[in-house]
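**Q** whatever this is, show me its structure:
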Amino acid sequence: MTGTLVTEWTGRETRALRVALRMTVTDFAKSLQVSTNMVGRWERGGEETRIRMGNQRVLDTMLQIALPDVQARFNALVDRGLAGMSADEAQPTSLDEQRRHPRDGRLMLHVPAGRFLAGDDGRSLHVADFWIDTFPVTNRDYAVFVAAAGAKPPYHWEGGRCPEALADHPVVYVDWHAAAAYAQWCGKALPTARQWEKAARGQSGSVYPWGNGTSPAKCNVRESGIKATTPVGRYRSGVSPYGVFDMCGNAWEWLSSASEIGRYELRGGAWTSPFDRCAPARVNDAAATMSDDDTGFRCVASTLDDSRASAQ
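**A** Just a heads-up that it's a prediction; the model follows:
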């Protein structure tokens, strides 16, 4: 295989493309205008599957117009023989790129050093390598911090206890100071604007975490009609090029970058936000003392070798 050229599509290459695009079988089948059963048969058949020429042309087009990050993942999956992995297992491009932090035990993904296209104008910025939480900090995660550090529980926790029904939802009603205190407690930091945006958009600076397509169904925003937060692992088809969840919608995320004295940036939008307000390049800010039902955070680290080393 050379570059992104496929001489003949089999079930193996088809699965690699679906995983590289981070799509469910249902979404992938819809994009091909075939049934989910057909996609399942292709993938189960592996290299023995022979796909009709019309479908091969559609697959060729999907690969050719895919972002460079997707094409790189596709090539890696085929060349390394990883096409048999599940979509969840294949989100990190190598086993070394997703690990648990030694202090809070949360999954983190590695974002390599290098330049990326930032902002609406696509300016090229450099970021040193770092690790970022795969998911926003959840109520369950924050409960550990409250118990260990004696921190104040969020406003919506009845009786000061983590609501079990919201355990896997992003923690909200945390102001910037509370988010920064959690990060310091576990030896991490709040992301800078550059770190957060690169983790959300990838090297090529796609408009949304999943690419350039306008797809509100891939995130929890006002148009979703849910009118509340959702579990952080729900939107698997909306992950970023590095495999990071909820970088668009669900809950605004505090950053370490100050907009002015006493105010800090927020990114990502929330369940209360219209979809066009949630693009990762869109900047919001708030007073450090602000806490609301649609604002949470995640953390970054410069290394996982030292539990007290944070990414600044």
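**Q** so how far is the strand or helix carrying residue 70 off the chain centroid?
**A** Assessed by DSSP states H and E, residue 70 sits inside helix 68-79. On the basis of CA atoms, centre = their mean, to the nearest Å, helix 68-79 sits 18 Å off its chain's mean C-alpha point.
**Q** which elements pack onto the helix or strand just after that helix?
**A** On the C-terminal side of helix 68-79, the nearest following helix or strand under DSSP H and E is strand 98-100. Judged by 3 or more CB pairs under 8 Å, 6 or more residues apart in numbering; DSSP states H and E, strand 98-100 is in contact with strand 107-111. For the C-beta atoms, the positions are set from N, CA and C on the backbone; glycine is no exception.
**Q** and the strand it packs on, what's buried?
**A** Across strand 107-111, burial judged by 16 or more other CB atoms under 10 Å covers 108, 109, 110, 111.
**Q** out of the residues you listed, which is nearest to residue 43?
**A** Ranked by distance to residue 43 (CB to CB), the buried residues of strand 107-111 are led by residue 109 at 25.0 Å.
**Q** give me the number of residues near residue 66?
**A** Applying other CB atoms under 10 Å, we find 18 residues neighbouring residue 66.
**Q** quick check: the residue nearest to it when sequence neighbours are not counted vs residue 239, distance?
**A** Leaving aside its sequence neighbours, residue 66 sits nearest to residue 21 (CB to CB, 6 or more residues apart in numbering; 6.8 Å). Noted for residue 21: a distance of 11 Å to residue 239, by CB to CB, to the nearest Å.
**Q** now the helices for the stretch 101-250 of the chain?
**A** 139-149, 176-185, 193-201 (DSSP state H, counting those that start in this stretch).
**Q** point out the most buried one among those.
**A** Comparing the helices of the stretch 101-250 of the chain by mean neighbour count (mean count of other CB atoms under 10 Å), helix 193-201 comes out on top with a mean of 24.
**Q** partner strands of the helix or strand that it is followed by and their direction?
**A** Using DSSP H and E, the helix or strand that follows helix 193-201 in sequence is strand 252-260. Take DSSP bridges as the rule and strand 252-260 pairs in its sheet with strand 263-267 (antiparallel), strand 295-296 (parallel).
**Q** which of the ones you listed is buried the deepest?
**A** strand 295-296 (a mean of 28).
**Q** returning to that earlier point: so the residue nearest to residue 66 sits against residue 70, correct?
**A** Yes. Residue 21 is within contact range of residue 70, at 5.8 Å (criterion: CB atoms under 8 Å).
**Q** need the contact list for the closest residue in space to residue 180 that isn't next to it in sequence.
**A** Distances taken as CB to CB, 6+ apart put residue 190 closest to residue 180, at 5.9 Å, once the chain neighbours are dropped. Contacts for residue 190 were tallied using CB atoms under 8 Å, 6 or more residues apart in numbering; they are 176, 179, 180, 183, 254, 255, 256, 297, 299, 300.
**Q** let me know the closest of these to residue 287.
**A** residue 176 (8.1 Å).
**Q** residues contacting that closest one?
**A** 190, 254, 264, 286, 288, 289, 290.
**Q** the first one and residue 136, how far apart?
**A** Okay, so that is residue 190. Distance, residue 190 to residue 136, by CB to CB: 12 Å.
**Q** give the residues shared as contacts by the two.
**A** residue 297.
**Q** can you pull out the low-pLDDT segments for this structure?
**A** Applying pLDDT under 70 to the chain flags residues 1-7, 46-47, 79-97, 306-312.
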